[in-house]
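Asks: Provide a 3D model corresponding to the input given below.
(one chain, ligands or ions: 2)
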Amino acid sequence: MRVLLGLCSSRLPCHPTTRFLSRRCMSVRPEDNPAAAPRRKVTIEHLHKLRRAGTPITMLTAYDFPTARACDAHGVDITLVGDSLAQVCLGLPSTTRLTLPEMVHHTRAVARGTTAPLLVADMPFGTYHASPADAVRSAVRLVRDGRAEAVKLEGGSEVVPAVRALTAAGIPVMAHVGLLPQRHAMLSGYRVQGRDAPAALALLRAALALEDAGAFAVVLEAVPHPLAAYITRRLRRAPTIGIGAGAETDGQVLVWDDVMGTWGGHQAKFVRRFADVAGAVEGGVKSYLQAVRERTFPVAAESYEMAEGELEKFMRLVEEEALLSSGVGETES
Ligand SMILES: Nc1nc(=O)c2c([nH]1)NC[C@@H]1CN(c3ccc(C(=O)N[C@@H](CCC(=O)O)C(=O)O)cc3)CN21
Ligand SMILES: CC(C)C(=O)C(=O)O
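Replies: Ligands and ions are numbered 1, 2, ... in the order given. So this is what the prediction gives:
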């Protein structure tokens, strides 16, 4: 409670759960309108219900507090702190360069802005391959220090022991098969997976084995749409979340910066821009610079006044100081 109240009385936006605690917060933030029903927490059980009902599951990445707030406020089911963080936020050339402390740091920020969506954090490259025990240690840091509710890791049958160990430790696991960006060097680039029959069979086997090991959902990245549709039908419980996997998966995921049009790097075929935030940013920066250079910013209303009569008093004080300092200067010279 102390922490929640602290949030509200600071200059940070109000956390939805603190709405009822402060009239100031209620009155200044329209999205905190108490008349609007609060979103219910998305649980794994809820995701399984969505799958059974045929309702598409929405997943979007977030890397910081404001993007997490946007996912929360606008109805995202699953917020993913993806390791695409490496490229789109940290300017690294590959996800293999991301460290666990960096992921924990960003996950904590996302957690502060997340109430309703299920919060999933990617396990960075090298934090789950050495042994299942290593995977558990890394995931515990994401859950305990990063406040993630579940973790995602890339790989097929070779990560099954890690998925079992994590699930046994009570950490929900989202599997990720198909194109595995952490293995781009091994795979000689970012390539569509499962195009021929043997590769497709291996992908199906991997997805089934991961579900069997306890994975609560499976990301299918860059796989042919008929294969993704088939795997989706074959899984018993776990919803599939597609990215470049066609329209017949149980859900879709995209990278925040791809959706918003703020990623200036390579665009995969599966990316669709849903907004032109980069255009808005360019306009904002240019307008600001122009206003500063033209001295049209700031105007009086954006500036502060002194208390009545104090400017005149101040000028008299300055004059006295000036006499004093020039006197000092004279004796010194
Ligand atoms: N901005 C961004 N969006 C992403 O989806 C994303 C990242 N970054 N960084 C981490 C990984 C890397 N990802 C990638 C990167 C490249 C392709 C890509 O170029 N795919 C080819 C496939 C060509 C083929 O095999 O036919 C494409 O042209 O779509 C796909 C996924 C997905 N992730
Ligand atoms: C694109 C999604 C699935 C991801 O793994 C990431 O953001 O790193």
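Asks: and this structure, which of its residues are near ligand 1?
Replies: If contact is defined as Cβ under 6 Å from any ligand atom, the residues of the chain in contact with ligand 1 are 84, 87-88, 95, 179, 181, 190-192, 222, 255, 257-258, 263, 266, 268-269. (Each C-beta comes from the backbone N, C-alpha and C, glycine too.)
Asks: ok, 5 Å please
Replies: Within the chain, the positions lying close to ligand 1 (Cβ under 5 Å from any ligand atom) are 84, 87, 181, 190-192, 255, 258, 263, 268-269.
Asks: Pull out the buried members of those.
Replies: Neighbour counting over the residues of the chain next to ligand 1 (16 or more other Cβ atoms under 10 Å) leaves 84, 87, 181, 192, 255, 258, 263 as the buried ones.
Asks: pLDDT and secondary structure added to the residues you listed, as CSV?
Replies: What follows is those, written out as CSV (pLDDT from 0 to 100; DSSP: H, G, I helix; E, B strand; the rest coil):
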residue, pLDDT, secondary structure
Ser84, 98, coil
Gln87, 97, helix
Pro181, 97, helix
Val192, 97, coil
Val255, 98, coil
Asp258, 98, helix
Trp263, 97, coil
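Asks: filter these down to the ones near ligand 2?
Replies: Contacts with ligand 2 within those, as defined by Cβ under 5 Å from any ligand atom: Ser84.
Asks: What is the neighbour count of Val318?
Replies: The local packing count at Val318 equals 10, with neighbours defined by other Cβ atoms under 10 Å.
Asks: next one: Gln182
Replies: Gln182 is surrounded by 23 other residues when neighbours are defined as other Cβ under 10 Å.
Asks: my read: it touches Val159, true?
Replies: No: between Gln182 and Val159 no contact is recorded; they are 11.1 Å apart, counting by Cβ atoms under 8 Å.
Asks: now, which of the residues of the chain next to ligand 1 sits nearest Val285?
Replies: When the residues of the chain next to ligand 1 are ranked by distance to Val285 (Cβ to Cβ), Trp263 comes first, at 17.4 Å.
Asks: how about the closest one, what does it touch?
Replies: If you count contacts by Cβ atoms under 8 Å, 6 or more residues apart in numbering, Trp263 has them with 88, 255, 257.
Asks: what about the last one, distance to Tyr63?
Replies: Okay, so that is Asp257. From Asp257 across to Tyr63, the span is 9 Å (Cβ to Cβ, to the nearest Å).
Asks: Find the residues that touch each one of these two.
Replies: Common contacts of Asp257 and Tyr63 (Cβ under 8 Å, 6+ apart): Val88.
Asks: now the helices for the stretch 101-250 of the chain?
Replies: Secondary structure of the stretch 101-250 of the chain (DSSP state H, counting those that start in this stretch): helices located at 132-144, 160-168, 197-212, 225-234.
Asks: residues in the stretch 151-300 of the chain within reach of ligand 2, list them.
Replies: Those residues of the stretch 151-300 of the chain that sit near ligand 2, judged by Cβ under 5 Å from any ligand atom, are Val253.
Asks: Let's have the helices of the stretch 101-250 of the chain in JSON lines, adding mean pLDDT, mean neighbour count and distance to Ala111.
Replies: Supplementary listing: the helices of the stretch 101-250 of the chain in JSON lines, determined by pLDDT from 0 to 100; neighbours: other Cβ atoms under 10 Å; distance: least, Cβ to Cβ, whole Å:
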{"stretch": "helix 132-144", "mean pLDDT": "98", "mean neighbour count": "19", "distance to Ala111": "10"}
{"stretch": "helix 160-168", "mean pLDDT": "98", "mean neighbour count": "20", "distance to Ala111": "19"}
{"stretch": "helix 197-212", "mean pLDDT": "98", "mean neighbour count": "17", "distance to Ala111": "25"}
{"stretch": "helix 225-234", "mean pLDDT": "98", "mean neighbour count": "18", "distance to Ala111": "30"}
